[in-house]
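# 3D model of this:
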Amino acid sequence: MARYTGPKSKIARKFKEPIFGPDKALEKKNYPPGQHGLAKKRAKQSEYAIQLMEKQKAKYTYGILERQFAKIFDKAARSHGITGEVLLQLIESRIDNVVYRLGIAPSRRAARQLVSHAHITVNGSVVNVPSYTLKPGDVVGVREKSQSLEAIVNSLAGQVNKYPWLDFDKNTMSGKFISRPERSQIPENIKEQLIVELYSK
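As a prediction, this is how the structure comes out:
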């Protein structure tokens with residue numbers, strides 16, 4: 001499975017946001033990486049550069065590669081509704097993201113691994129494709145054989161259901177995907193309109 005495996009702190013510093021979770025390197029050096037650090041005078045960014053940065057930030061945040069991201073955008077553009085909002089809703093509906101949101105995994109990267117290693121079920125059937133898109137009403141659960149896995153147990157120990165579009169039952173280790181989230185319910189700091197403008201060029 002293709003995925004980004006490079007240095008996470010460098011990317012977080014580039015966007016000045018902890019997009020991979022809490023990051024001590026970002027706290028110490030809250031400026032872009034580079035040989036000259038803060039001393040380097042940075043040229044004013046063009047409109048295209050700002051739009052591209054926003055798309056890159058979204059890709060790294062959700063762990064999606066370029067081709068896949070373009071496909072999701074194409075689907076969003078052909079759907080009813082505001083393209084930028086639909087884009088984020090489709091990404092939030094991916095099973096790897098929902099497993100992370102439910103608290104079954106501590107990060108999206110860990111969630112992808114659980115899915116690809118066949119630890120996760122949808123409506124009782126094992127799904128091992130991280131990009132699988134859920135529909136409202138689908139039930140995501142932990143496979144019975146995997147419920148004692150230390151990584152899952154530890155992650156769920158601190159789990160708090162804080163997303164209104166998801167309903168999780170700790171006893172059965174399963175959660176229901178109630179609906180696609182409204183834009184106001186998605187906590188990620190992404191300016192989706194810039195991404196729409198970039199693809200519209």
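
# And the next helix or strand past the helix or strand bottoming out on mean pLDDT in the chain?
Least confident helix or strand, the chain: helix 24-28 with a mean of 53, by mean pLDDT, DSSP states H and E. Scanning forward in sequence from helix 24-28 by DSSP states H and E, the next helix or strand is helix 47-62.

# Put the alpha carbons of that next one into PDB.
Extracted in PDB, the C-alpha atoms of helix 47-62 (Å, rounded to 0.1, in the frame of the first residue of the first chain):
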ATOM      1  CA  GLU A  47      -2.000  32.600  -5.200                       C
ATOM      2  CA  TYR A  48      -1.200  29.200  -6.800                       C
ATOM      3  CA  ALA A  49       1.400  28.400  -4.100                       C
ATOM      4  CA  ILE A  50      -1.100  29.100  -1.300                       C
ATOM      5  CA  GLN A  51      -3.700  26.900  -3.000                       C
ATOM      6  CA  LEU A  52      -1.200  24.100  -3.600                       C
ATOM      7  CA  MET A  53       0.000  24.300   0.100                       C
ATOM      8  CA  GLU A  54      -3.600  23.800   1.200                       C
ATOM      9  CA  LYS A  55      -4.100  20.800  -1.000                       C
ATOM     10  CA  GLN A  56      -0.800  19.300   0.300                       C
ATOM     11  CA  LYS A  57      -1.900  19.900   3.900                       C
ATOM     12  CA  ALA A  58      -5.100  18.100   3.300                       C
ATOM     13  CA  LYS A  59      -3.300  15.200   1.600                       C
ATOM     14  CA  TYR A  60      -0.800  14.800   4.500                       C
ATOM     15  CA  THR A  61      -3.500  15.200   7.200                       C
ATOM     16  CA  TYR A  62      -5.600  12.400   5.900                       C
END
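
# For the most centrally placed residue in the chain, give its distance to residue 131.
Against the mean C-alpha coordinate of the chain, by CA atoms, centre = their mean, the closest residue is residue 62 at 2.7 Å. Relative to residue 131, residue 62 is positioned 10 Å away (CB to CB, to the nearest Å). (Glycine included, C-beta is placed from N, CA and C.)

# repeat for residue 169
In terms of CB to CB, residue 169 sits 25 Å off from residue 131.

# Which of these two has more residues huddled nearby?
Applying other CB atoms under 10 Å to residue 169 and residue 131 shows that residue 131 carries more neighbours, namely 16 against 12.
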